[in-house]
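Q: Here is a sequence with its predicted model. Questions after.
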Amino acid sequence: MSRRRWGVFMALILFFLLVISSLPRAFASSPPDTQGNAQTCTQLLVNSDMESNAGWVFGNTPARAEYVTDRYLSPYRSILLGIITGPNKKSYSSMQQLVTVPSGSLLRLRAHVYPISQPYDLHDAQELIIMNSTGQPLRRVWTATSDAQAWQTLEFDISEFIGMQIGVYFNVYNDGEGGVTAMYIDDVTLEICTGGTATATASPATATPTATPTATPIVVTATPTPTAIVVTATPTPTAVVVTATPTPIVVTNTPTPT
């Protein structure tokens with residue numbers, strides 16, 4: 001075979017090997033078929049961004065919830081529960097909205113909270129509870145006593161309440177002693193999703209509530225039993241017996257005759 005033909009032959013072999021090696025990559029890069037997996041979600045809450053005065057009902061308590069502008073996510077307002085200034089008082093501070101949930105494949109609740117407890121008071125509480133239409137708790141979705149002082153995202157799958165009328169209830173409890181506890185709330189959504197394959201988010205998804213600290217137990221060791229001191233009695237002295245057998249002295253006096 002001539003040198004030229006040999007070169008053409010080798011070039012064809014290299015080209016063939018290059019095409020073969022690229023085939024798996026081409027098949028792997030093909031996008032999966034997503035037809036039929038589209039999911040449609042509908043927001044059920046009124047005034048989810050806290051920018052109007054509709055939807056939410058505040059509990060008539062000594063520490064009443066209120067709309068505020070000093071801290072928010074979007075656009076300009078949030079709702080404050082609890083106490084951040086003024087005297088401490090024993091009180092609940094709550095907001096709630098009743099919703100009739102239609103049918104669907106997934107019911108997802110998401111909220112953004114900014115918890116405060118200053119100084120930290122483990123006897124106070126921040127809560128998110130699902131109520132029934134008469135105000136009885138159905139599920140305590142989240143409870144904490146946190147002084148994170150940062151926006152946190154809470155997300156829960158509450159699909160067990162599809163088709164029911166429920167109340168989305170937020171609450172802060174102060175016991176009137178120690179520190180004061182509060183919570184800002186903004187951008188709360190309750191979405192009912194239909195179609196496709198519902199993928200539930202773990203409950204909770206991103207927020208990690210601050211755990212209540214456990215006091216370190218103080219272990220008191222019992223007073224040790226003193227070591228007994230044993231006093232040995234004075235030993236009885238051994239009697240010394242002196243046996244004296246006197247040697248008789250015999251004096252013989254032989255008189256001298258006159």
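A: Arrived safely.

Q: The nearest residue to Gly167 once chain neighbours are set aside bridge partners, please.
A: Leaving out its chain neighbours, the residue that sits closest to Gly167 by CB to CB, 6 or more residues apart in numbering is Met131, at 3.6 Å. From N, CA and C alone the C-beta is placed, and that goes for glycine too. Judged by DSSP bridges, the bridge partners of Met131 are Pro137, Gly167.

Q: pretty sure Met131 is touching Val141, no?
A: No. Using CB atoms under 8 Å, Met131 makes no contact with Val141, being 10.9 Å away.

Q: What is the longest strand along the chain packed up against?
A: Ranked by residue count and defined by DSSP state E, the top strand of the chain is strand 180-194. Judged by 3 or more CB pairs under 8 Å, 6 or more residues apart in numbering; DSSP states H and E, the packing partners of strand 180-194 are strand 40-43, strand 78-82, strand 90-100, strand 106-118, strand 125-131, strand 165-175.

Q: where in the protein is pLDDT low?
A: Within the chain, the ranges that satisfy pLDDT under 70 run 1-9, 11, 14-37, 196-258.

Q: Repeat the analysis, applying 50 as the threshold.
A: Applying pLDDT under 50 to the chain flags residues 22-35, 200-245, 249-252, 258.

Q: can you confirm Ile13 is in a helix?
A: Yes. Ile13: assigned to a helix according to DSSP: H, G, I helix; E, B strand; the rest coil.

Q: okay, now it: neighbour count?
A: 10 (other CB atoms under 10 Å).

Q: And Arg71, by the same measure?
A: 15.

Q: tell me which residues form a beta bridge with the residue lying closest to it once chain neighbours are set aside?
A: In this structure, Arg71 finds its nearest non-sequential neighbour in Tyr184, 5.1 Å apart by CB to CB, 6+ apart. Per DSSP bridges, the residues bridged to Tyr184 are Leu80, Tyr114.
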